[in-house]
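Peer 1: Following is a predicted model, sequence given first.
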Amino acid sequence: MPAPLTPDFYERPVLEVARALLGCTVAHAGAAGVIVETEAYHESEPACHAFVGVTPRTRTLFGEPGRAYVYRSYGIHAMLNAVCEPQGVGAAVLIRALQPSAGLELMRARRGGLADRELCSGPGKLTQALAITLADNGSSLSAGPVRILAPAHGRAEPVVLEDVRVGITKAPELRWRFCVADSAHVSRPRPRLASAARRDAAGG
DNA sequence: CATGGGATTGACT
DNA sequence: GTCAATCCCATGC
């Protein structure tokens, strides 16, 4: 059984952590899944909630690395982030998709009996499947209740696809989305190679 | 205190 | 492809 990641794992550049989290496991409330998609957010760019500075909402983002930043999106969904970089820097990795690995029955019950690849293939879906709520905001990802565990020892590095972030209107050019290349469990839209995007832009 | 805007999803045409 | 649901919170009076 892999150990939870410790705060020092998160206390480094957010882009580095976003890649390193691929292959790690999120566990909560009798269910777990392997991270297959992440996005990075940093106070220096306007898509990040921390861009506006410290407010009641962003207090967690500027706090200790290795804690959960959970917020409500579109009035409906809870979004799970891992706070990164040293305390005082507002940055976090959004967990966007998991490959379900434990507690599948529980996840199906919470998600309305959907197919396995629909259980956690989106940031709002995975919090529903793992029963993660706003009450988990500010909690330690090492001590729980929500935990992120290191990859199994000796496991191969995944091939990573980079793409632009999903659903944001500010700083849309930053390719700060990271996906496991061959995973069937990533969210829509499926990530595209930069070369394919260039071909389209050229007018194909 | 009123307002407006989302780091989305699922249902429907 | 289009579109509404729904609520927290930043902002501005």
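Peer 2: Alright, I've got the coordinates. As the structure is a prediction and not an experimental result, all values here were calculated from the model.

Peer 1: wait, does the strand or helix carrying A:A196 contact DNA strand C?
Peer 2: Using DSSP states H and E, A:A196 sits within helix A:194-201. No - with C-beta under 7 Å from any atom of the strand as the criterion, DNA strand C is not reached by helix A:194-201; the gap is at least 13.3 Å. From N, CA and C alone the C-beta is placed, and that goes for glycine too.

Peer 1: which helices and strands does that helix pack with?
Peer 2: Contacts defined by 3 or more C-beta pairs under 8 Å, 6 or more residues apart in numbering; DSSP states H and E place helix A:194-201 against strand A:160-163.

Peer 1: Flag the shaky bits of chain A, pLDDT-wise.
Peer 2: For chain A, residues meeting the criterion pLDDT under 70 lie at A:198, A:201-204.

Peer 1: Can you show me the helices along it?
Peer 2: A:7-10, A:14-20, A:104-111, A:116-119, A:123-129, A:194-201 (DSSP state H).

Peer 1: what distance separates the helix holding A:A196 from the centre of its chain?
Peer 2: Taking C-alpha atoms, centre = their mean, to the nearest Å, the mean C-alpha location of helix A:194-201 is offset from the chain mean by 25 Å.

Peer 1: same question, stretch A:44-62
Peer 2: Centre-to-centre, stretch A:44-62 and its host chain are 17 Å apart (C-alpha atoms, centre = their mean).

Peer 1: likewise stretch A:95-110?
Peer 2: 14 Å.

Peer 1: For that stretch, measure first residue to last.
Peer 2: 19 Å (C-alpha to C-alpha, to the nearest Å).

Peer 1: cool, and stretch A:137-152?
Peer 2: 27 Å.

Peer 1: just to revisit the earlier point, ranking the helices of chain A by mean neighbour count, which comes first?
Peer 2: helix A:123-129 (a mean of 24; mean count of other C-beta atoms under 10 Å).

Peer 1: before we move on, back to that, tell me which of the helices of chain A lies nearest to A:I168.
Peer 2: Comparing the helices of chain A against A:I168 with C-beta to C-beta, the closest turns out to be helix A:123-129 (12.2 Å).

Peer 1: Nearest spatial neighbour of the residue nearest the centre of chain A, chain-adjacent residues omitted?
Peer 2: Nearest to the mean C-alpha position of chain A, by C-alpha atoms, centre = their mean, lies A:I95 at 1.0 Å. Using C-beta to C-beta, 6 or more residues apart in numbering and skipping the chain neighbours, the partner closest in space to A:I95 is A:L80 (4.8 Å).

Peer 1: who's in contact with that neighbour?
Peer 2: Listed by C-beta atoms under 8 Å, 6 or more residues apart in numbering, the contact set of A:L80 reads A:26, A:68-70, A:94-95, A:123, A:126-127, A:132, A:136, A:146.

Peer 1: Can you pull the residues of chain A lying near DNA strand B?
Peer 2: Residues of chain A lying near DNA strand B (C-beta under 7 Å from any atom of the strand): A:39, A:41, A:47-50, A:61, A:69, A:72-77, A:79, A:81, A:92, A:94, A:111, A:114, A:118, A:122-125, A:165-169, A:187-188.
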